[in-house]
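Trainee: kindly return the folded structure for what I paste below:
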Amino acid sequence: MDRRTLLTATSGMAAACFFPAFPRASNTMVIRYEAMPSRFTGARNVSVWLPPDYQTSKRRYRVLYMHDGQNIFAGSHAFGGESWRIDAVMEARAAEDPDHAAIVVGVWNTKMRAQDYTPTGIEKAMDSELRTRAIEENGGASGADGYLRFLVEELKPMIDRDYRTKSDPASTFIMGSSMGGLISAYAICEYPHVFAGAGCLSTHWPIVCRGQVYKTHTCDTQAMIKAITTYLDQKLPRPGTHRIWMDHGTQNLDSIYAPYQQAVDQMFTAKGWRQGVDFESRIYDGADHNEASWRARLKEPLAFLLG
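Mentor: Residues are numbered from 1 along each chain as shown. Below is the predicted model:
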């Protein structure tokens, strides 16, 4: 049964009942789908943010899909109570220029997050020792291919059916942070005919180093870089057709990302991608691995990807 919870973007408070269709309202809103089922991955919540003029216009909108969806709007469900506040940033962009408006679809994570967000293709490219370690630390083999099939074959068709979207690849984007950045890069490689751009903030290229583990310096850096570049060499879309934003900070977990990102940047350049045109790679000195840091720089990847 279709059950959609209406929330206001300003208060983040759920309405007392479920709405079978989009209600009339004057402010921006978030509609939450509870425990959306899938044939390919575990059920999960999905939140849909609509631009301020959605109810008063007849226009169609580009769509930005975001991972870790409980962390991107109000802080009530966000990790540590901190959110990206993507709604506020998108509302400001739309106020500057109506053509910047876009629908934001937040796909919540589950307890299978590590498996969902570990790219299957990169896992397959690992040597046997590194692959065994990744599977052990993630609690199982990669489920990314199933997760992406949910996005592409089930969720996107529903969003395009129920909302006034521009459904073409040039109007469809994907974004996330940490392992959400990793799966965003994987999505544009596996589905270049679906997504025109990917935002990969603090991309967790190491995969096996999370939490405090990175402090022990046992990340198998060179072996992981080999797996990543092997995959990208085979699957990176041809240049001139897509845009990818990648970045990282310099504090805590972000402090170990530089060698991975440098190798990825070199692969992009070798494949003919132009920095500043087809891809962007930034370092934010002093930035940490958390929602507050990603919120602080969110305007820049959005401007690069969405114009």
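Trainee: when you work out contacts or count neighbours from here on, use the C-alpha atoms and nothing else.
Mentor: Will do.
Trainee: among the helices and strands of this protein, which has the poorest mean pLDDT?
Mentor: strand 14-19 (a mean of 29; mean pLDDT, DSSP states H and E).
Trainee: what strands line up against the very next helix or strand once past it, and which way round?
Mentor: Counting by DSSP states H and E, the next helix or strand C-terminal to strand 14-19 is strand 29-36. Paired neighbours of strand 29-36 in the sheet (DSSP bridges): strand 4-8 (antiparallel), strand 44-50 (antiparallel).
Trainee: who touches stretch 284-304?
Mentor: 71, 82-86, 89, 177-178, 199, 201-202, 243, 245, 247-254 (CA atoms under 8 Å, 6 or more residues apart in numbering).
Trainee: tell me where the model's unsure across the stretch 1-150 of the chain.
Mentor: 1-28, 75-81 (pLDDT under 70).
Trainee: restricting to C-alpha, output the biggest helix by length in the chain in CSV.
Mentor: Counting by DSSP state H, the longest helix found in the chain is helix 221-235. Taking C-alpha atoms only, helix 221-235 is exported to CSV below (Å, rounded to 0.1, in the frame of the first residue of the first chain):
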residue,chain,number,x,y,z
THR,A,221,46.4,1.4,0.5
GLN,A,222,48.3,0.3,-2.6
ALA,A,223,46.2,-2.9,-3.1
MET,A,224,43.0,-0.9,-2.8
ILE,A,225,44.2,1.8,-5.2
LYS,A,226,45.0,-1.0,-7.7
ALA,A,227,41.5,-2.4,-7.4
ILE,A,228,39.9,1.1,-7.8
THR,A,229,42.0,2.1,-10.8
THR,A,230,41.5,-1.3,-12.5
TYR,A,231,37.8,-0.9,-12.2
LEU,A,232,37.8,2.8,-13.4
ASP,A,233,40.0,1.9,-16.3
GLN,A,234,37.3,-0.5,-17.5
LYS,A,235,34.1,1.4,-16.6
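Trainee: filter the contacts of stretch 284-304 to the buried ones?
Mentor: Buried residues within the contacts of stretch 284-304, counting neighbours by 16 or more other CA atoms under 10 Å: 71, 82-86, 177-178, 199, 201-202, 243, 245, 247-250, 252-254.
Trainee: so of those residues, which ones are in strands?
Mentor: 177, 199, 201, 243, 245, 247, 248, 249 (DSSP state E).
Trainee: please enumerate the helices of the stretch 51-200 of the chain.
Mentor: 86-96, 113-117, 120-125, 128-138, 144-149, 156-162, 179-190 (DSSP state H, counting those that start in this stretch).
Trainee: give the buried residues for stretch 183-196.
Mentor: 183-192, 194-196.
Trainee: and the contacts of stretch 136-153?
Mentor: 38-41, 114-120, 123, 134-135, 183, 187, 194, 208.
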